[in-house]
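[1] Provided below are the primary sequence and the corresponding predicted coordinates.
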Amino acid sequence: MIARQEATVSDSGRLREALTALAFIAPSLVVFWAFSFYPFQQLILRGLYRNNASGTNLRWVGWEQYGDVLAGNEFRDGLWHSMQFVLFTVPAGLVLGTVLAVAANRRLRGIKVFQTIFSSTIATSTAVASVVFLVLINQQIGVYQGGVPGFGSQAILENPSTAMFGVSLSAIWQNLGLSFVIVLAGLQAIPQEVEEAATLDGYGPVRRFFRITLPMISPVLLFLVVVLVIFALQAFAPIELLTSGGPARSTETLVYKIFERQTPDLLGEGAVLSVGLFGVTFLVTLGQFLLLERRVHYGS
Amino acid sequence: MSRGRALAWYLLLTTLSVLVLAPIYFLLVRAISDPTKAFTSSVLTPQGVRFDGFSQAWERGNLGGALVRSLVVTVGITTLQVTTSVLAAYAFAFLRFPFKRVLFAVFMATLLLPLEVTLLPNLHTMRDLGWFDSYQGLIMPFAAAAFGTFLIRQGFLGIPSEIRDAARLEGWSHLQFLVRFAVPLTRPVIASFSVISFMGAFNQYLWPRAIITDAESWATVQIALRGLTSRIEQSNVPVAGAVIAAVPIVIVLILFQRQIVRGLTAGAVKG
Amino acid sequence: MRSVASVTFTGVTKRYGDVTAVDDLDLDVADGEFMVLLGPSGCGKSTALRMIAGLESITEGSLRIGDRVVNGVIPAKRDVSLVFQSYALYPHMSVAKNIESPLLNRNVPTAERKTRLAEAARMLGLEPYLDRKPGELSGGQRQRVALARAVVSRPAVFLMDEPLSNLDAKLRTQTRAELVDLHRRLGTTFVYVTHDQVEAMTMADRIAVMSDGRLRQVGTSREVYDTPADLFVAGFIGTPPMNVAPDPADAGAIVGVRPEHLSISDAGEYAGRVHQTEWLGHEAILRVTIEGAPTDWMVRLPSGFEPPAPGAPIRLAADPARVHRFDATTGLRT
């Protein structure tokens, strides 16, 4: 007796398959709709309204609020601070991750121990990493309570010119583990024979790294850059825990500003800032792919 | 490799390790140092060793309760994410249905709408549903995961089609195939995603911070940690709290290092 | 300025911890010779090749290229080229850049580099592909790029690690002939590693048969086929393999006869039963179960042969000049 093949041939079979698919996808879709798409729609709409502090005067203002906010100081400052965070954490993550990965990618006894150590910061949450850096650079309790040489004598986190840098340190350290793991995987994917061919062709270790290894891990590095940029644009905990947005609001990133705008009178502005954050993330990610993809090599 | 070269590499690796671990070292030293003496003399060794920072952190921050709550939330989120991702991944990998590509793009689009962007309206939803200070509020927004769907779908696509054909011939339904074949065959990938989901959920900060108004009764570990930093002068307390907060995930890292690495690098390296 | 050199292994051993990959290897590869290192996986042939290249260190013994002892010399300075099994091309560089690669690092002036690139490209038919990337080429084309890269540096010794194994059967046969042609044109010493005895027999000037890290025999195709030095070589060379059985008359000996040297004869000294006949078109292979033999004996017979019924008793005779005898304990030829 031949068992019936799972039907994709008959119409009723197709329908059944589609319904099964729907049933399997539905739970995720419901969650996504409720907590991603519906809110996004609400965001855009809310930006078209202003309200007062007690929430009693919700009125339509159209695109005026978008114009005001996106051209205004809050968005500009928030964006600038977020960008500073990106500029501090991403290149550092890339370089340090590569240094650690290159160092730990060799056959030595006990290398796995070093690899575990280098990946260890994956285990830290942003809150824990922030507390770690309170211990290191906080003006009251820090191991180092001074400032950055050349930027005045104020403590790092109290000096508006250096506070963002101080906050970034916490993220740079926290990102080490992830950066290391990702670059190491890229290095390990290079076939050993290619490295050997390069040795035979006379490439010394340095030339081999820049001419052969680096180009071959460029897709991985691009992936890492995208991930680190997204993390940087979303940073919140280090700012709240290390500087509470100060000093003089010099560390208020976009997310921080959004978080501060939960009351009815600020909600409209917050909504526009949120849409702005979305736009920035989208454009930056797209831009990265377009700009860098050309320089990235993809193997066969 | 020659002795000399090996030694040089060990030296470099040790130096780098010291740099990576130094912040943790300072953390541990401070956790057991008397806060009034912490930076009077040397910062490298504990001054006035005392261990009551841990008990104070535990009590003041209600860390016991916070740990329990964090674990409940984390397990809840992980379980839901894995379940919904496995189901959706199955549909995308094995089933044919209209708008499949569009729907997959919709899933991936959610990666562009993280909570940082949708925070404000989601808070409104929470208020309307009365889900502030509640488990469902902490868990439900994270019940599905596009990353997980993507990852597990990749795993399912790796199952040889002959197995699917053989199962079809034997008359297994989709649900049965999923449970008896697909999931067991992709256990490593599902395990990797579970661990990463677990870590992400445990370490969350922004959302719990936003929806917990009664920190006393509802704080997760990360939020409890924040509470401890309000009295920063007693530096051994929040620091000890941080150590306690880190312990669960450090244990997870040690136990599941391989799975974590596999999950994190899945998007980065082909094959 | 083409250089040619011999390769000499003297007592070379390679150990990884407890494992001995190559055991006391003594081998002389002559100037300009096409030497094939033949053996099953794990026999040490690839390790030996990589030691010539300098990609594996030598635990004991000395290795000379020409007159120079090269034990400690870095690979780039040994004047050798290696064609890897996987070709190991640089995926992000064009074919031209891949081929030029060995010259870029050796301060070869641009004009000469371009000439040698053109020469190698022409020799291997790669002129239309110079601007493409390896990912855009077929397997056979990639292999030729690997060959061109090896040729362009005009090495004293050409090393090849199972270069044909990733090609399909038809391409393999064609490339075999091309490699032999290449050797004739260049006149360079070739050291070629393979597990395929057909490749070895058809291409080599001499074959070095290895197993378990040890050299079993080195000689021309004729020599290893007609006078195998031990049971291993006897069984490894030749398809179908040599038939063996314990000598009924002498407990300490094993006899071996190749399938083409057996015939059916009522007066034959080997008795058995017919198992099966395999008819291949151009010939037939008769499988006979011989008393005492570990496996069926195979007899090569012309295609017009009438197959006897399976199970029928049968006697086989061997050309006495073609019977090989081996010591049952050592496996060596007696």
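    Alright, I've got the coordinates.

[2] buried set for the helix or strand that contains residue A:272?
    Using DSSP states H and E, the element containing residue A:272 is helix A:264-293. Along helix A:264-293, the positions that meet the burial threshold by neighbour count (16 or more other CB atoms under 10 Å in any protein chain shown) are A:264, A:266-278, A:280-281, A:284-285, A:288. Heads up, the C-betas are built off the backbone N, CA and C, glycines and all.

[3] tell me the average confidence for whichever strand or helix holds residue A:238?
    Secondary structure here is read from DSSP H and E; on that basis residue A:238 sits in helix A:237-242. Helix A:237-242 comes out with an average pLDDT of 93.

[4] Please put the alpha-carbon coordinates of it into PDB.
    Output in PDB follows, covering the C-alpha atoms of helix A:237-242 (Å, rounded to 0.1, in the frame of the first residue of the first chain):
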ATOM      1  CA  ALA A 237      22.600  52.200  29.300                       C
ATOM      2  CA  PRO A 238      26.100  53.500  29.300                       C
ATOM      3  CA  ILE A 239      24.800  57.000  28.900                       C
ATOM      4  CA  GLU A 240      22.200  56.700  31.600                       C
ATOM      5  CA  LEU A 241      24.500  55.000  34.100                       C
ATOM      6  CA  LEU A 242      27.700  57.000  33.400                       C
END
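
[5] Outside of the helix or strand just after it itself, which residues are in contact with it?
    Sequence order places helix A:254-259 as the next helix or strand after helix A:237-242, per DSSP H and E. Taking contacts as CB atoms under 8 Å, 6 or more residues apart in numbering or on different chains, the residues outside helix A:254-259 that touch it are A:74-75, A:78-79, A:81-82, A:233-236, A:239-240, A:245, A:270, A:273-274, A:276-277, A:280, B:116, B:119-120, B:206, B:209-210.

[6] quick one: low-confidence parts of the stretch 151-300 of chain C?
    Scanning the stretch 151-300 of chain C with the threshold set as pLDDT under 70 gives no residue ranges.

[7] Chain B now?
    Screening chain B residue by residue with the criterion pLDDT under 70, one finds the ranges B:1, B:38-43, B:270-271.

[8] residues contacting residue A:201?
    With contact set as CB under 8 Å, 6+ apart, residue A:201 has these partners: C:76, C:101-102, C:104-105, C:149, C:153.

[9] State the distance from it to residue B:21.
    Noted for residue A:201: a distance of 39 Å to residue B:21, by CB to CB, to the nearest Å.

[10] cool, and residue B:185?
    Distance, residue B:185 to residue B:21, using CB to CB: 39 Å.

[11] again, but for residue A:126
    19 Å.

[12] before we move on, what about residue A:228?
    Taken as CB to CB, the spacing of residue A:228 relative to residue B:21 amounts to 21 Å.

[13] quick one: which of these two has more around it?
    Neighbour totals were compared for residue A:228 and residue B:21, and residue A:228 leads with 24 against 16 (other CB atoms under 10 Å in any protein chain shown).

[14] what helix or strand is that one on?
    Applying DSSP H and E as the criterion places residue A:228 in helix A:218-233.

[15] for that helix, packing partners?
    helix A:73-104, helix A:163-188, helix A:264-293 (3 or more CB pairs under 8 Å, 6 or more residues apart in numbering or on different chains; DSSP states H and E).

[16] Ok, which of those comes nearest residue C:37?
    Evaluated over the helices and strands packed on helix A:218-233, closeness to residue C:37 peaks at helix A:163-188, with 29.7 Å, by CB to CB.

[17] can that closest one be found next to chain B?
    Yes. Contact of helix A:163-188 with chain B is found when judged by CB under 8 Å from any CB of the partner chain, involving A:173, A:176, A:178, A:181-182, A:185-186.

[18] So for the very next helix or strand once past that helix, what gets flagged as buried?
    Secondary structure here is assigned by DSSP H and E; on that basis, the next helix or strand after helix A:163-188 toward the C-terminus is helix A:192-200. Applying a neighbour-count criterion of 16+ other CB under 10 Å, one finds A:193-200 buried in helix A:192-200.

[19] Can you tell me which of those is closest to chain B?
    Taking CB to the nearest CB as the measure, chain B lies nearest residue A:199 of the buried residues of helix A:192-200, at 13.2 Å.

[20] which non-adjacent residue is nearest the closest one?
    Nearest residue to residue A:199, sequence neighbours excluded (CB to CB, 6 or more residues apart in numbering or on different chains): residue C:75, at 5.3 Å.

[21] List the residues that contact the one you found.
    Contacts for residue C:75 were tallied using CB under 8 Å, 6+ apart; they are A:196, A:199-200, C:53-55.

[22] The closest residue to residue B:205 other than its chain neighbours and residue B:77, how far apart?
    Of all residues not flanking residue B:205 in the chain, residue A:237 sits nearest, at 4.2 Å (CB to CB, 6+ apart). For residue A:237, the distance to residue B:77 under the criterion CB to CB works out to 18 Å.
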